[in-house]
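Undergrad: sequence and predicted structure below; questions after.
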Amino acid sequence: MEHAPASLEASMEELMGGQGAESSRSVPTGVVSTLRDSSISVSAFNRFIVGEMARKTGDEGRQSMDNLRKQRQHASESHRQYGASLGAASRAQMQRDKQQYDALREANLLKGMTVRDDIASQNSERARLKSEWVEYGRRLADRDAEQRRRIKDVCGEGSKRVQEMVAQAKWEEEEFERELTERRAQILYENQEEVKRIKAETANTVTDASKQYALDRRKNVAAGTKESVKLWGKERGKNTDQHLKSARNNRADIEQTRQNTKKLRQKLLEQRQKEAAAARDLVKKNKQARDDALRAAKQDAQAVHDGIYRAKYVPSDSADYLMQSKYGRSTISVTV
């Protein structure tokens, strides 16, 4: 908003009345310019100062909010990374437990397969022995038939030869019976020993011990897992409490910053109200002085006019300070 000398004369007319306007028109532009130290009005300079204070306060508030936001993001990222590490550790532990369980299961399966193979081999051996025994009995029956045939062939040659053959047959039969008894006893002993060994290897105590070992192993693994989960829960609760405490502190800081901003805004408002009241008082005093000057001589009125005109503009050092600001140069219009 630019002000030409005509607008300046209009303002002077409002303050001085009709006579002031006539007096202002009588003063050349070059002469009026010598009455002021700069071309920047006091109201424009006051608006610039208030804007500078508001921008400074806003920059500080934005910087504080950015710092708080970065802190929250860092805390959230730390909490997420810690949770991810706990999850990875849990998955690794579960993988190790599964590997141990698979290894134990494979060992049990291998042991069971070994026992089954032993039982199968024992059954095969039993079938083989039974087959041999049947074959042996068949040979004995064939030998007995052959013996009977020989006896029948020679039974008519004489009693002595018959007696010798009968005696020989009885001896061979007794030998056969003795060998048969020994063989049966040996087979029975071997079978009993085999049965004892199989029963010992497949006893309930052995299988129960294996099952109990596997059960105890799973219980230990489950107890360790539960303890780890419990510790992780405690650590997570602790981290959550710390995070909530940090969040409460951050909210308290934000609330304090908000209160400080509100107080500063109220202080600025009060200051501006005081300045406005002072300006109004000044206007009243100037009006009283103008009235007094009107009742005085024309020269006194001109002196009052010059004083008011000079008071509307800031000193040269203040104008230099405003013009050095980028915001001041872009928003403040200068009266030439």
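TA: Right, received. Where do you want to start?
Undergrad: only C-alpha atoms from now on, for both contacts and neighbour counts.
TA: Fine.
Undergrad: and Glu255, which helix or strand is it part of?
TA: Glu255 belongs to helix 204-295 when assigned by DSSP states H and E.
Undergrad: chain center to that helix, what's the gap?
TA: 20 Å (CA atoms, centre = their mean, to the nearest Å).
Undergrad: where is the longest helix in the protein?
TA: helix 42-154 (DSSP state H).
Undergrad: what is the least confident helix or strand in the protein?
TA: Lowest on mean pLDDT, DSSP states H and E among the helices and strands of the chain sits helix 18-25, with a mean of 34.
Undergrad: pLDDT wise, what is the residue nearest the centre of the chain at?
TA: Among the residues of the chain, the one closest to the centroid is Arg80, at 2.1 Å (CA atoms, centre = their mean). As predicted, Arg80 sits at a pLDDT of 88.
Undergrad: how far away is it from Met94?
TA: Arg80 is 21 Å from Met94, where distance means CA to CA, to the nearest Å.
Undergrad: what of Val283?
TA: 85 Å.
Undergrad: what's the answer for Glu60, then?
TA: Distance from Glu60 to Met94, by CA to CA: 51 Å.
Undergrad: ditto for Ser38
TA: 82 Å.
Undergrad: so the two - more neighbours on which side?
TA: More crowded of Ser38 and Met94, by other CA atoms under 10 Å: Ser38, with 21 against 14.
Undergrad: the more buried one belongs to a helix?
TA: No. Ser38 is assigned coil when assessed by DSSP: H, G, I helix; E, B strand; the rest coil, not a helix.
Undergrad: wait, isn't it in contact with Ser316?
TA: Yes. Assessed by CA atoms under 8 Å, Ser38 is found in contact with Ser316 at 5.2 Å.
Undergrad: what sits against the residue nearest to the centre of the chain?
TA: Arg80 sits next to no residue when contact means CA atoms under 8 Å, 6 or more residues apart in numbering.
Undergrad: how about stretch 186-205: buried residues?
TA: The neighbour-count criterion (16 or more other CA atoms under 10 Å) identifies no buried residues in stretch 186-205.
Undergrad: for the stretch 201-336 of the chain, give me the ranges with low pLDDT.
TA: 202-207, 297, 300-301, 304, 329, 331-336 (pLDDT under 70).
Undergrad: do the stretch 1-150 of the chain as well
TA: In the stretch 1-150 of the chain, residues with pLDDT under 70: 1-34.
Undergrad: Lys196 and Tyr189, how far apart?
TA: Counting by CA to CA, the gap from Lys196 to Tyr189 is 10 Å.
Undergrad: again, but for Lys287
TA: According to CA to CA, Lys287 and Tyr189 sit 143 Å apart.
Undergrad: pull the number of nearby residues for Asn250.
TA: Quick note: Asn250 (other CA under 10 Å) scores 16 neighbours.
Undergrad: and for Arg236?
TA: For Arg236, the count of nearby residues is 16 (other CA under 10 Å).
Undergrad: ditto for Glu60
TA: 14.
Undergrad: same question, Gly112
TA: 14.
Undergrad: what of the one 4 residues further on?
TA: Using other CA under 10 Å as the criterion, Arg116 is surrounded by 13 other residues.
Undergrad: on that earlier part again, which helices and strands does the helix holding Glu255 pack with?
TA: With contacts taken as 3 or more CA pairs under 8 Å, 6 or more residues apart in numbering; DSSP states H and E, helix 204-295 sits against helix 5-16, helix 42-154, helix 298-311.
Undergrad: now the second one, how far from the centre of its chain.
TA: Think helix 42-154. Centre-to-centre, helix 42-154 and its host chain are 25 Å apart (CA atoms, centre = their mean).
Undergrad: angle of it against helix 204-295?
TA: Helix 42-154 runs at 170 degrees relative to helix 204-295, counting by axes from the mean of the first three to the mean of the last three CA atoms, to 10 degrees.
Undergrad: report the distance from whichever helix or strand comes after helix 42-154 to the chain centre.
TA: With elements assigned by DSSP H and E, the helix or strand that comes after helix 42-154 is helix 159-201. For helix 159-201, the distance from its own C-alpha centre to the chain's C-alpha centre is 84 Å (CA atoms, centre = their mean).
Undergrad: what is helix 159-201 packed up against?
TA: Against helix 159-201 (3+ CA pairs under 8 Å, 6+ apart) you get helix 42-154.
Undergrad: angle of the helix it packs on against helix 298-311?
TA: Using the same axes, to 10 degrees, helix 42-154 lies at 10 degrees relative to helix 298-311.
Undergrad: identify all contacting residues around stretch 86-97.
TA: Contacts for stretch 86-97 (CA under 8 Å, 6+ apart): 221, 232.
Undergrad: try stretch 264-273
TA: Val50.
Undergrad: renumber starting at 35 from here on
TA: Sure thing, new numbering starts at 35, so read that last one as stretch 298-307.
Undergrad: so which bits of it are buried?
TA: Under 16+ other CA under 10 Å, stretch 298-307 has no buried positions.
Undergrad: now do stretch 171-182
TA: Gln181.
Undergrad: how many other residues sit next to Arg70?
TA: 20.
Undergrad: got the phi/psi numbers for it?
TA: Dihedral pair for Arg70: phi -120, psi 150, per degrees, to the nearest 10.
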